[in-house]
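Peer 1: Give me a model of this one.
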Amino acid sequence: MERSAFEQASFKDKVYIVLEQGKEISSRQFLFYNIKLYSLSDYFAEIWYIPTSNKIDKVEVLNIDEMLHIYRNDFDISSLLK
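Peer 2: Numbers count the residues shown, from 1 in each chain. The predicted structure follows:
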């Protein structure tokens, strides 16, 4: 699904699309959230999960620049620079 269509989808549909079509590539902790990063066709999406209430709070869409900034320490690209 293209990013523009994804952004117009309902919250429930976004969660379904990410979990069914996305590929999990990283995760992080922020405050009381467990955040998982997923790769979709030409963009990235994060699912913000609250373990204490067993609830997905939000789905955020990221472009490549945002993803690289937030997850810069999670990926080693040094071998690509040789």
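Peer 1: C-alpha from now on. contacts and neighbour counts both.
Peer 2: Noted.
Peer 1: Now the spatially most central residue of the chain. Nearest residue, chain neighbours left out?
Peer 2: Centroid-nearest residue in the chain: Glu46, 2.3 Å away (criterion: C-alpha atoms, centre = their mean). Nearest non-adjacent residue to Glu46, counting by C-alpha to C-alpha, 6 or more residues apart in numbering: Leu37, 4.5 Å away.
Peer 1: Can you give me the separation between the one you found and Val59?
Peer 2: 10 Å (C-alpha to C-alpha, to the nearest Å).
Peer 1: all helices of the protein, in order?
Peer 2: Under the criterion DSSP state H, helices of the chain are mapped to 3-8, 11-21, 64-70.
Peer 1: want to throw those helices into JSON lines with mean neighbour count?
Peer 2: What follows is those, written out as JSON lines (neighbours: other C-alpha atoms under 10 Å):
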{"stretch": "helix 3-8", "mean neighbour count": "12"}
{"stretch": "helix 11-21", "mean neighbour count": "15"}
{"stretch": "helix 64-70", "mean neighbour count": "12"}
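Peer 1: Out of the ones you listed, which is closest to Pro51?
Peer 2: helix 11-21 (16.0 Å; C-alpha to C-alpha).
Peer 1: What is that closest one packed up against?
Peer 2: strand 55-62 (3 or more C-alpha pairs under 8 Å, 6 or more residues apart in numbering; DSSP states H and E).
Peer 1: Report the buried residues of the strand it packs on.
Peer 2: Under the neighbour-count criterion of 16 or more other C-alpha atoms under 10 Å, strand 55-62 has 56, 58-59, 61-62 buried.
Peer 1: Where in this structure is the helix or strand with the lowest mean pLDDT?
Peer 2: In the chain, no helix or strand scores lower on mean pLDDT, DSSP states H and E than helix 64-70, which sits at a mean of 76.
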